[in-house]
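Asker: I need the structure of the sequence given here:
(one chain, ligands or ions: 1)
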Amino acid sequence: MSFRTIEWRDDKVVMIDQTRLPGEEVYCEYGDYKSVAEAIRGMIIRGAPAIGVAAAMGVALGAREIIADTQESFLRQLDNVCDVMARTRPTAVNLFWAIERMKRVAVCSCDKSLDELREILKVEAIRIEQEDLAICKAIGRHGAALIPEGATVLTHCNAGGLATAGYGTALGVIRAAHEAGKNIQVFADETRPWLQGARLTAWELMKDGIPVTLISDNMAGFFMNRGEITCCVVGADRIAANGDTANKIGTYSVAVLARENNIPFYVAAPISTLDLSLENGEQIPIEERHSREVTHLQGLPVAPEGIAVRNPAFDVTPARYIAGIITEKGVVTGDYSKKLKDLVTP
Ligand SMILES: CSC[C@H]1O[C@H](OP(=O)(O)O)[C@H](O)[C@@H]1O
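Answerer: Modelled structure (predicted):
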């Protein structure tokens, strides 16, 4: 990877500012947990696994800001830090998974001194980041087998290195197929309104020399119907027990169009994106974001002032449209309710 999405450096959190891509590759440095929370809420960093890593590093930063005389006081204040991180964005379960993991480590280490506790949390946050990179490469290996020689792969939003600790989930599959020597190309749709496809996926794949063509969101059906798309691979923000998958708004439309055109539609995600506490996708919280994301582009109005706007940032694709869920433990197909539970059962 020729960029670093997020890094713990000199007891600060450094992340690329994704709101300024593709024009400017700018890195921001954060020394306190509240500014990391703001960076997640403002999508300086975004992408389910990436915001999980950011939340974990935010908790580790917060631990260094706590002044406490006892472990009980420390843990109580750490809970407050975790609550701030948990209130940033509601849909990606990886954020909550990472926060809960940091909490568990803190509770299990409460026999240690406060300085040791702070160091343990820093190490755990860095471990979450490093594990995510390895997980993405495993997802890539498993998913690459599904991509035929000469394929044209349609992807939606950005599920790449910028959405993870590096390498990506959906783009990890694409990278692995490319690295395996398969002569593939990618169609990236722009992904209105925040343009993760046009601004981030196109930028990442061009930097890696992977052939990529940008299309507008409303062109996906056209190319599928003309037989120009071999398969679709997207990321995920939360996968319910039955395989229903929340992902960037517009994913459901791509999945239905793929089914209509008999094109396989795959979801690539780490196991930390599974939320087996939810029976189906209807229970997944869908983030609604500010109307300005729809009415303005790079600060310029594209709609009349005062227009009514809805801006759901995610939608849910029913499991019946998903040909396979690609995880670090392999590809799950068919009976998702049973097979996803088997994945997480030790
Ligand atoms: C690797 S999962 C990335 C996932 O997160 C994105 O949402 P956002 O850009 O709003 O954080 C999108 O749903 C991607 O598929």
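Asker: can you map out the strands along the stretch 1-150 of the chain?
Answerer: 6-9, 12-16, 27-30 (DSSP state E, counting those that start in this stretch).
Asker: Revised request: answer the last question for the stretch 201-346 of the chain.
Answerer: Per DSSP E, counting those that start in this stretch, the stretch 201-346 of the chain carries strands over the ranges 212-215, 231-234, 238-240, 245-248, 265-268, 274-275, 296-297, 300-301, 314-317, 324-327, 330-332.
Asker: and the closest residue to A48 other than its chain neighbours, what does it touch?
Answerer: Closest residue in space to A48, ignoring its immediate chain neighbours: A92 at 3.8 Å, by Cβ to Cβ, 6 or more residues apart in numbering. C-beta coordinates here come from the backbone N, C-alpha and C atoms, glycine included. Contacts here follow Cβ atoms under 8 Å, 6 or more residues apart in numbering; on that basis A92 touches 47-48, 51-52, 237-238, 273.
Asker: change it to 7 Å
Answerer: A92 is in contact with 48, 51, 237-238, counting by Cβ atoms under 7 Å, 6 or more residues apart in numbering.
Asker: Just flag the most distant two among these.
Answerer: With Cβ to Cβ as the measure, no two of these lie farther apart than I51 and R238, at 12.1 Å.
Asker: one step back: quick one, which of the strands of the stretch 1-150 of the chain is packed in tightest?
Answerer: Most buried of the strands of the stretch 1-150 of the chain, by mean neighbour count (mean count of other Cβ atoms under 10 Å): strand 12-16, with a mean of 21.
Asker: for that one, packing partners?
Answerer: Packing partners of strand 12-16 (3 or more Cβ pairs under 7 Å, 6 or more residues apart in numbering; DSSP states H and E): strand 6-9, strand 27-30, helix 48-65.
Asker: so how far is A48 from R175?
Answerer: According to Cβ to Cβ, to the nearest Å, R175 stands 18 Å off from A48.
Asker: Looking at the two, which one has more neighbours?
Answerer: A48 (27 against 24; other Cβ atoms under 10 Å).
Asker: For this structure, which segments count as helices?
Answerer: 33-41, 48-65, 71-86, 93-108, 114-144, 170-179, 196, 202-207, 220-225, 251-260, 292-295, 336-344 (DSSP state H).
Asker: and the first one, C-alpha only, in CSV?
Answerer: What follows is the C-alpha trace of helix 33-41 in CSV, where atoms were taken according to Å, rounded to 0.1, in the frame of the first residue of the first chain:
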residue,chain,number,x,y,z
TYR,A,33,-10.0,11.0,22.1
LYS,A,34,-12.7,13.6,21.5
SER,A,35,-11.0,14.8,18.3
VAL,A,36,-10.7,11.2,17.1
ALA,A,37,-14.5,10.8,17.7
GLU,A,38,-15.1,14.0,15.7
ALA,A,39,-12.8,12.6,12.9
ILE,A,40,-15.0,9.4,12.7
ARG,A,41,-18.3,11.4,12.8
